[in-house]
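Enquirer: Give me coordinates for this.
(one chain, ligands or ions: 2)
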Amino acid sequence: SAHSDLIHKLPKAELHLHIEGSFEPEMMMTLAERNRIDIPFKTLDEAKAAYDFNNLQEFLDLYYQGMNVLRTEQDFHEMTFAYLQRAKADNVVHVEMFFDPQAHTERGVAFGAVTEGILGALERGEKELGITSELIMSFLRHLSEEDGFVLLDESTPWHEHFVGVGLDSSEVGHPPLKFQRLFERCRELGFKLCLHAGEEGPPEYVREALLDIGADRIDHGNRAMEDPALIEILRDTQIPLTNCPLSNLSLCVLDDLRKSPVKRQLEEGLLVCVNSDDPAYFGGYIGQNYEAITEALELSSDQIVQLAKNSFTGSFLPDDQKTKHV
Ligand code: HPA
Ligand code: ZN
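Expert: Ligands and ions are numbered 1, 2, ... in the order given. As a prediction, this is how the structure comes out:
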C-alpha cells in the first residue's frame, strides 16, 4: 500500500503475542519428527487447511494440539528465536510476550524447560537482534483459580523474570471475577495484570477486568465499545487496549475488518495499539496486521504513527525508554 514504507520503518513494540501462537507448521513438522510424535497433518497444506476457524474455541483446539510437539528446552528456544527473527524483519524493537505454562505442564513438560527455553531465546534476541523483551505468564481461564494458584506457586523461582501475568483461553463463561483472589495475590507480588477481555465476552467482562481486578492492560477489548461508560473509563485512565486485527478476522470476532473498532478508538483518544496475537495461525505477523488495518480503515499516516507510539506508551518499559522510540 501507499503506507507500506512507513509501516515497515516505524519502530514498533508488540504487546500481545502468544509465543505458542507463533509456532509455524513447518517447525511443527520438524519437531514432530525430531520428538517422534504423531500429528494429524502429513503435509503443510493439510495443516494450513485446518486453520479455518469460526470462533475462539475452534482455534484453541488446534492451538493446544499444535503445541503438543513442544517437549524440550531446545524446542521452546527455537520457537521463540524464530519469532524474534520475524519480529526483527518488521522493525519490532520491543516485545512483551505471553506464554501458557499450564498447557505444557499438564502434558508433563517441566515448567523450567519451557521457561528457560523462552528466556534463553529472549536473552539471545537482545544480544543478536537488539530486541528488548518482557515475559508475561498467562493463566488459562478454562482451568480453576486453584490451578492458577498452583502455577503461581510452582513458578516462584522465576518470578523475577516475569513483568506480569495474563489471562487467556476460552473467555465466555470464565469472567475475570473467577480469578479475583489470584490476581489480587499477583498484584501484591508486584506483577502487572494483563487480561484478555471483550474478545468474545461481553462488555461486563471488560468492566470486571478494569474495576474489580484493576487490570493494567486489556487484551483485545473490542466489545468495550458497546458501552459508552467503559469508553469514558478507558479514555480517562489511558489503560492500553491491545488490538489484533487479523486475529479478529480469523476468529470471526469481526466479519469484515472495516468494522474494526481501531479507528474509532483512536478518534476517541483511547490508547489502542496493533498486535499479531497468534501470527502462525492468523495469517500474519505485526507488519501484516498494520497493513491490513490501514487498508481496511483507510488510516492516515498520522494514525499509523499514533498506533506505533501507543505501542510504546502502553508497554511496561520505564518512562525514559518509552519516549526514546516515540
Ligand atoms: N484469545 C484467548 N486465548 C488465547 C488467544 C486469544 O486470542 N490466543 C492464545 N490464547
Ligand atoms: Zn491473545
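
Enquirer: residue contacts, the residue in the stretch 151-300 of the chain that ligand 1 sits nearest to?
Expert: Nearest residue of the stretch 151-300 of the chain to ligand 1: residue 168, at 3.5 Å (C-beta to the nearest ligand atom). (Each C-beta comes from the backbone N, C-alpha and C, glycine too.) Applying C-beta atoms under 8 Å, 6 or more residues apart in numbering to residue 168 gives the contacts 18, 98, 100, 138, 139, 140, 141, 196, 219.

Enquirer: Helix or strand next in line after the host helix or strand of the second one, which one?
Expert: Right, the one you point to is residue 98. Take DSSP states H and E as the rule and residue 98 turns out to sit in strand 92-99. The C-terminal neighbour of strand 92-99 among helices and strands, as given by DSSP H and E, is helix 102-105.

Enquirer: can I have that following helix written out in PDB, keeping just the CAs?
Expert: C-alpha atoms of helix 102-105 as PDB (Å, rounded to 0.1, in the frame of the first residue of the first chain):
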ATOM      1  CA  GLN A 102      -0.300 -24.800  32.100                       C
ATOM      2  CA  ALA A 103      -0.700 -26.000  28.500                       C
ATOM      3  CA  HIS A 104       2.700 -27.600  28.900                       C
ATOM      4  CA  THR A 105       3.000 -28.700  32.500                       C
END
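
Enquirer: I'd like the numbering to begin with 41 instead of 1 from here.
Expert: Sure, I'll start numbering at 41, so the last one becomes helix 142-145.

Enquirer: Quick one: name the residues of the protein near ligand 1.
Expert: Residues of the chain lying close to ligand 1 by C-beta under 6 Å from any ligand atom are 58, 61, 96, 103, 208, 209, 236, 239, 287, 317, 318.

Enquirer: Find the nearest non-adjacent residue to the second one, please.
Expert: Same thing as residue 61. Counting by C-beta to C-beta, 6 or more residues apart in numbering, residue 61 lies nearest to residue 318, which is 2.6 Å off, once chain neighbours are set aside.

Enquirer: Enumerate every residue touching the one you found.
Expert: Residue 318 neighbours (C-beta under 8 Å, 6+ apart): 58, 60, 61, 62, 99, 103, 287.

Enquirer: filter those residues to the buried ones?
Expert: Buried members of these, scored by 16 or more other C-beta atoms under 10 Å, are 58, 60, 61, 62, 99, 103, 287.

Enquirer: Now, those residues that are in helices?
Expert: 99, 103, 287 (DSSP state H).

Enquirer: Any chance of CSV for the residues you listed, columns pLDDT?
Expert: Below are these laid out as CSV (pLDDT from 0 to 100):
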residue, pLDDT
99, 98
103, 97
287, 98
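
Enquirer: returning to that earlier point: quick check: neighbours of the strand holding residue 138 in the sheet, parallel or antiparallel?
Expert: Strand 132-139 has its sheet partners listed here by DSSP bridges as strand 52-58 (parallel), strand 172-180 (parallel).

Enquirer: Export those to TSV and append columns for mean pLDDT and distance to residue 202.
Expert: Shown next, in TSV, are the strands paired with strand 132-139 (pLDDT from 0 to 100; distance: least, C-beta to C-beta, whole Å):
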stretch	mean pLDDT	distance to residue 202
strand 52-58	99	15
strand 172-180	99	5
